[in-house]
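Asks: have a look at this prediction, sequence included:
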Amino acid sequence: MRICHIIPKLSYGGAERMLVDLINNSSPNFEHSVIVFFDYNPLAADLKEGTCVVVVPKKGKLSLGLVTDIRDALNGLKPDIVHTHLFGGDLWGRLAAKRLGLPVVTTEHNINVSEGWLKNELRHWLRKKSDAYVSCSDFVRGYMEKRCQIKGATVIKNGIELERFVHVEQRRIDRPIQLLVLGRLTKQKGHAVALRALAKLKNIEWRLSVLGEGELASGLRTEARELGIGDRVEFLPATREISGALAQHDILLMPSLWEGLGVAAMEAMAAGRLVVASRVGGLPELIKDGETGLLARPGDVNDWVEKLRWCFTHPDDCERLAASGREYARMNFGVDKMVREYEKVYLSLAN
């Protein structure tokens, strides 16, 4: 069975990582290809050999002719099913697939808070263009039902390739405590909350690495300097070597303001790193507060200060939580379950 995925680009992000892992771990009975709209596709290098990636250029905001170009690419790839991801893939991909009478699977990866009313109206308008919907968490499914009147979505939580992280050695937490924030430098990820909380803990030895790219890069650097912590915060480019970055740090911070699920949290837990995350979106579906990690109120700087202060003064307890989180990840986050459940969805449409 041939599956063609349509996604704007294979850049650094949870949806893109999930797609790569899905393709790489699929059974031999499924052949996958990918259509993207842009040339920047760093995660394409991680795809298994033989995976076809076709660039169908998106020209301007209106993208006149894009549907026709995608249709032509689909004619060449001859898929049995089209699987769309993220807004651009969902919009243009579904329109093109339906011109060819192809069944469509659409995965909702997030809750789309940052998207304006027009995109949400388009999502609502196109809701019947998908033959099957998948949500990455229970929270996202609830959002789909309430905001877009999309009912009956199958919940398939993202899985990760555990073998990429299980080799990372458990780490003894010592001063200076090495902190990591991993993700796109956008409003959603809440970097400023972490910076403002850490600025209130200058009397403790810590260092923070901010790893990622995005439109807030310059503003976050400026804020770190103005808070008087610029010399303790290092901004690093996004990388495919996530396990290596985790190996050099003690705690992953996820101060997200909203989150569909949280692949970065899953990866950090699998690597034996304590995760301190916002109690928002799908993150509480991954982290049991006080058992496998810590949850703080989203956007509440004072609550983040208290959570971080506790971490800094209870290193042994942090190590215990990290070990518990790692065991939970090994039991629950494997990629195989995700792949098999997606393949069931594909087969249901073929039948």
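Replies: Cool, the structure landed. Because the structure is predicted, anything quoted here is derived from the model rather than measured.
Asks: can we go C-alpha only for contacts and neighbour counts from here?
Replies: OK.
Asks: buried set for the helix or strand bottoming out on mean pLDDT in the chain?
Replies: Ranking every helix and strand in the chain by mean pLDDT, DSSP states H and E puts helix 117-125 at the bottom, with a mean of 78. By neighbour count with 16 or more other CA atoms under 10 Å, helix 117-125 contains the buried residues N120, R123.
Asks: okay, that helix in CSV with CA atoms only?
Replies: This file holds the C-alpha atoms of helix 117-125, laid out as CSV (Å, rounded to 0.1, in the frame of the first residue of the first chain):
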residue,chain,number,x,y,z
TRP,A,117,-9.9,33.0,12.6
LEU,A,118,-9.5,32.6,8.8
LYS,A,119,-7.4,29.4,9.2
ASN,A,120,-9.9,28.0,11.7
GLU,A,121,-12.8,28.8,9.4
LEU,A,122,-11.0,27.0,6.5
ARG,A,123,-10.3,24.0,8.8
HIS,A,124,-14.0,23.9,9.6
TRP,A,125,-15.0,24.3,6.0
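Asks: packing partners of it?
Replies: helix 86-99, helix 138-148 (3 or more CA pairs under 8 Å, 6 or more residues apart in numbering; DSSP states H and E).
Asks: what's it in contact with?
Replies: F87, L91, C148, Q149, I150 (CA atoms under 8 Å, 6 or more residues apart in numbering).
Asks: let's see that with 6 Å instead.
Replies: Contacts to helix 117-125, defined as CA atoms under 6 Å, 6 or more residues apart in numbering, come from residues C148.
Asks: how about the helices and strands packed on helix 117-125, which one is nearest E213?
Replies: helix 86-99 (18.2 Å; CA to CA).
Asks: quick one: residues in contact with the closest one.
Replies: In contact with helix 86-99 (CA under 6 Å, 6+ apart) are residues I6, I7, P8, V67, R71, T84.
Asks: by how many degrees do that helix and helix 117-125 diverge?
Replies: 40 degrees (axes from the mean of the first three to the mean of the last three CA atoms, to 10 degrees).
Asks: start the count at 34, not 1, going forward
Replies: That works, and once the first residue is 34, the last one we named lands at helix 119-132.
Asks: which of the residues in helix 119-132 are buried?
Replies: Those would be L119, F120, G121, G122, D123, L124, W125, G126, R127, L128, A129, A130, for helix 119-132 by 16+ other CA under 10 Å.
Asks: of those, which is the nearest to E202?
Replies: Closest to E202, out of all of the buried residues of helix 119-132 and judged by CA to CA, is L119, at 34.4 Å.
Asks: top helix in this protein by residue count?
Replies: Assignment by DSSP state H gives helix 348-365 as the longest helix of the chain.
Asks: mind checking which of the contacts of helix 119-132 land in helices?
Replies: V100, R104.
Asks: okay, the contacts of helix 119-132 in JSON lines with distance to I284 and neighbour count next?
Replies: Converted to JSON lines, these look like this (distance: CA to CA, whole Å; neighbours: other CA atoms under 10 Å):
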{"residue": "I39", "distance to I284": "34", "neighbour count": "27"}
{"residue": "I40", "distance to I284": "31", "neighbour count": "24"}
{"residue": "P41", "distance to I284": "31", "neighbour count": "27"}
{"residue": "V100", "distance to I284": "44", "neighbour count": "20"}
{"residue": "R104", "distance to I284": "46", "neighbour count": "21"}
{"residue": "T117", "distance to I284": "34", "neighbour count": "28"}
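Asks: which two in the contacts of helix 119-132 are spaced the farthest apart?
Replies: P41 and R104 (15.3 Å).
Asks: sketch out the low-pLDDT regions of this structure for me.
Replies: 147 (pLDDT under 70).
Asks: tell me where it has helices.
Replies: Using DSSP H, helices in the chain cover 47-57, 99-110, 119-132, 150-158, 171-181, 224-232, 250-259, 275-280, 296-303, 334-346, 348-365, 368-383.
Asks: L213 is nearest to which of these?
Replies: helix 275-280 (7.8 Å).
Asks: kindly export the closest one (C-alpha atoms) in PDB.
Replies: Provided in PDB are the C-alpha atoms of helix 275-280 (Å, rounded to 0.1, in the frame of the first residue of the first chain):
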ATOM      1  CA  ILE A 275      18.800  15.500  20.300                       C
ATOM      2  CA  SER A 276      20.200  12.700  22.300                       C
ATOM      3  CA  GLY A 277      23.600  14.300  22.400                       C
ATOM      4  CA  ALA A 278      22.100  17.600  23.600                       C
ATOM      5  CA  LEU A 279      20.200  15.800  26.400                       C
ATOM      6  CA  ALA A 280      23.300  13.900  27.500                       C
END
